[in-house]
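> Let me see the structure of the following:
(4 chains)
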2 protein chains.
Amino acid sequence: MNIEDLPLEALDLPHPAREELVLTQVLFALSDPTRLGIVREIAAGPKEMAACDALRPDIPKSTRSHMAKVLRESGVVRSEPHGRCRLLRLRREDLEARFPGLLDAVLGTASAPD
Amino acid sequence: MNIEDLPLEALDLPHPAREELVLTQVLFALSDPTRLGIVREIAAGPKEMAACDALRPDIPKSTRSHMAKVLRESGVVRSEPHGRCRLLRLRREDLEARFPGLLDAVLGTASAPD
DNA sequence: CTCATGGTTCCAAATCTTTCGAACCATATC
DNA sequence: GATATGGTTCGAAAGATTTGGAACCATGAG
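Next up is the predicted model:
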């Protein structure tokens, strides 16, 4: 059974359903360089929050958590418990369904100097 | 001679050059419902600021001007003097060159309820 | 069970954005 | 030239977002 098939309620933090995604909120979530950096990092596959370079240096826990929250609440990312860590997964299919081509366009752009 | 061919310095307000466009700034400019509304309105062709529905109701001049400014400074829009008015023009080619597919993806989405 | 780790929540401070009045500027029309 | 119109700029107030410390929670490892 795949995590995608679980009802969203099964996860311990609230995630918007696909139909609830709002374009302006998604654009806002992606409009911050650090958050966009996280998204780029998990584009190739899910990644533990603790392993994200964009979150690592010396950023306090609460700040990192807040960044993940903005991505989660906008529906860009799914955050699932994974042992002691949290796995961040890009909600590719949901985003593609609601906003076709958007993610590819955003990720397709060379990352520097954003 | 086309406005597109003029050096940016020829316009009375500063516009970033194509190479200077920054993805996160563009996304931020588009992440506000009113500003996105303006962009949708000028997607089919340039439009006078004064004719934009998104700006019309009872919004004070200074507020409207500020909204146009955010779009202009991020490079989403070119604002050219046009008689007494100002013509807003979507910087399609520049955006397409820097962020291929982004604008289509953003505009392709049904506008409601964003 | 105990501890370390990774993360969340709550809260307050700092920062950034938005809003809008007032003053001002430019163009078009009379 | 005078006036009306559409817009900019400035500055201040209101509102949102971001940052980070402290307390807390859950899981995995010992």
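
> contacting residues for the residue positioned nearest the centre of chain A?
Within chain A, one residue has its C-alpha closest to the average C-alpha position: by Cα atoms, centre = their mean, that is A:V77, at 2.5 Å. Contacts for A:V77 (Cβ atoms under 8 Å, 6 or more residues apart in numbering or on different chains) come out as A:38-39, A:42, A:68, A:71, A:88-91. Any C-beta I mention is one placed from the backbone N, CA and C, and that applies to glycine too.

> one more time with 6 Å, if that's ok
By Cβ atoms under 6 Å, 6 or more residues apart in numbering or on different chains, A:V77 lies in contact with A:71, A:88.

> Quick check: phi and psi at it.
Dihedral angles of A:V77 (phi, psi; degrees, to the nearest 10) stand at phi -130, psi 150.

> for DNA strand D, what are the nearby residues on chain A?
Residues of chain A lying close to DNA strand D by Cβ under 7 Å from any atom of the strand are A:28, A:32, A:34, A:59-63, A:66-67, A:70, A:81, A:83-84.

> buried subset of these?
A:28, A:32, A:34, A:67, A:70 (16 or more other Cβ atoms under 10 Å in any protein chain shown).

> Quick check: A:L21 touching A:E73?
No: look at A:L21 against A:E73 with Cβ atoms under 6 Å: they stay out of range, at 10.6 Å.

> where along chain A do the helices fall?
Under the criterion DSSP state H, chain A carries helices at the ranges A:23-30, A:33-41, A:61-74, A:92-98, A:102-108.

> Looking at chain A, which residue is nearest DNA strand D?
Of all residues in chain A, A:S62 sits closest to DNA strand D, at 2.9 Å by Cβ to the nearest atom of the strand.

> Quick check: that residue vs DNA strand C, distance?
Per Cβ to the nearest atom of the strand, to the nearest Å, A:S62 is found 3 Å from DNA strand C.

> where are the low-confidence patches of chain A?
Low-confidence segments of chain A (pLDDT under 70): A:1-11, A:109-114.

> Show me what from it comes close to DNA strand C.
Chain A comes close to DNA strand C at residues A:13, A:48-50, A:61-62, A:64-66, A:68-69, A:79, A:84-86, as judged by Cβ under 7 Å from any atom of the strand.
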